[in-house]
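My questions concern the predicted model and sequence given below.
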Amino acid sequence: MSISHLADLANPAACPRLVIKVGSSLLVGKDGVRRDWLETLVKEIAVAKARGQEVIVVSSGAIALGAATLGLDKGGRGSLADAQAAAAVGQIALSGLWAELLGAHGLTAAQLLLTLEDLEDRRRYLNVTATLTRLLDAGAVPVINENDSVATQEIRFGDNDRLAARVAQAARASAVLLLSDVDGLYDRNPADPAARLQSEVRGVTAEVHAMASAGSASGMGSGGMTSKLQAAEIAERAGIALAIVNGTHDAPMARALKQGIGTLFLPKRKAAARKAWLGGRLRLKGALVIDAGAGRALAQGSSLLAAGITGIEGAFQRGDAIAIRDAAGAVLAHGLSEYDAGECARLIGRHSREHAEILGYAPRSAVVHRDQLVLL
């Protein structure tokens, strides 16, 4: 049984493993933790567990909690140093809160703090998968946050929407539920009286991205609708459904899923596990620009040959993840390069039979092999 409606996220047969993302603005208000609201959500998690679903929580809030304790302005986001210090203090309170409230329902909370590198490096990604699998098998509820106390601007997710999608991918989840401060994706700014809620989206296209507003309405969190659409793209490549619903109400899951209020993103296809990981990467070491003929060949399932390359960007090494772009700058694919950037520069536009003479050794058959490439 597959997911086709919002209500299916509460059905263990269609959704045996669910990731729930809770944003800072929902968990922390002007007067501190919104404990009463959180208790209603935890009760819903307990109900989901009782009906046979496995649940993973991706919870923001550490920076906001720590900033309040330390008396830092701008919610602890005035500087990277402030954010790191606030996270170090706030994460203790955040994990303790989840452990206490889940424990009241006889559930065991497990804390995981992840950095971008934990999910971008293939070996570390598989370690995360193994840990999550063992915790879920043992009946625990993993509570995950970005490790903001050590993450820097260059190596961080920047929002927990995309983190939730990558966690769902690593955990082989059925769906992601993003609790937001709006009912879902609207076709224009929700402040416009003519705005219409999109109940279902099958594939995040350029037209869908055009509907999004990049800002976060609360000013508390770091992600807006744009980051949620990026999360939906990551999820759909792995064959995972993603829903955006309004989390500001008490017992938000029941309201959204029973009444069908929200936006459900349904995946168009399911890539193999390694290709889904590759397609969901957020950090790439460089890019190859290709001509129209090479673009058509990729779309038909071919590898990328040097003859179709027109430009090189970045200083990547063999085995690094890179983007493949067309002349207009549109990203067509992600792949693992078979050559470093310097070698690629020497091979631009050259036929495969010339490679050995140019490089001085027997070359690999493609610059990016189709088995190490995923179309976006």
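Nice, thanks for sending it over. Numbering: from 1, shown residues only.

What is the burial count for L264?
27 (other Cβ atoms under 10 Å). Every residue, glycine included, has its C-beta placed from N, CA and C.

next helix or strand past the strand or helix carrying it?
Using DSSP states H and E, L264 sits in strand 263-266. Using DSSP H and E, the next helix or strand after strand 263-266 towards the C-terminus is helix 273-279.

any idea of the mean pLDDT for that next one?
The average pLDDT within helix 273-279 is 82.

Mind giving me the packing neighbours of the helix or strand just after that helix?
Once the chain leaves helix 273-279, the next helix or strand it forms, by DSSP H and E, is strand 286-290. Strand 286-290 makes packing contacts with strand 309-314, strand 321-325 when contacts are defined by 3 or more Cβ pairs under 8 Å, 6 or more residues apart in numbering; DSSP states H and E.

At the geometric centre of this protein, which residue do we find?
R162 (2.5 Å; Cα atoms, centre = their mean).

Need the phi and psi values for that residue.
Main-chain dihedrals, R162, degrees, to the nearest 10: phi -70, psi -30.

repeat for I144
According to degrees, to the nearest 10, I144 has phi -120, psi 140.

ditto for T226
Phi and psi for T226, reported as degrees, to the nearest 10, are phi -60, psi -40.

right, and it touches A210 too?
No - using Cβ atoms under 8 Å, T226 makes no contact with A210, being 10.6 Å away.

These two: which is more packed in?
T226 (16 against 9).

Show the pLDDT at that one.
87.

shift numbering so it begins at 230
Let's use 230 as the start, then, which means that last one is T455.

Could you measure from it over to K250?
For T455, the distance to K250 equals 15 Å [Cβ to Cβ, to the nearest Å].

which residues of the stretch 480-605 of the chain score low on pLDDT?
591 (pLDDT under 70).

correction: the stretch 330-479 of the chain
380-385, 387, 442-452.

how about TSV for the helices and strands packed on strand 515-519, with distance to L323 and mean neighbour count added?
Below are these laid out as TSV (distance: least, Cβ to Cβ, whole Å; neighbours: other Cβ atoms under 10 Å):
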stretch	distance to L323	mean neighbour count
strand 538-543	37	16
strand 550-554	32	22
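
Out of those, flag the one nearest A502.
Closest approach to A502 among the helices and strands packed on strand 515-519 (Cβ to Cβ): strand 550-554, 15.4 Å.

And the lengthiest helix in the chain, what does it pack against?
Longest helix of the chain, by residue count under DSSP state H: helix 309-332. In this structure, helix 309-332 packs against helix 264-279, strand 283-288, helix 291-299, strand 338-343, strand 370-375, with contacts taken as 3+ Cβ pairs under 8 Å, 6+ apart.

between it and helix 264-279, how many degrees?
On the basis of axes from the mean of the first three to the mean of the last three Cα atoms, to 10 degrees, helix 309-332 is oriented at 60 degrees to helix 264-279.

still on that earlier bit, make TSV out of the helices and strands packed on strand 515-519 and add distance to L365.
Converted to TSV, the helices and strands packed on strand 515-519 look like this (distance: least, Cβ to Cβ, whole Å):
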stretch	distance to L365
strand 538-543	38
strand 550-554	28
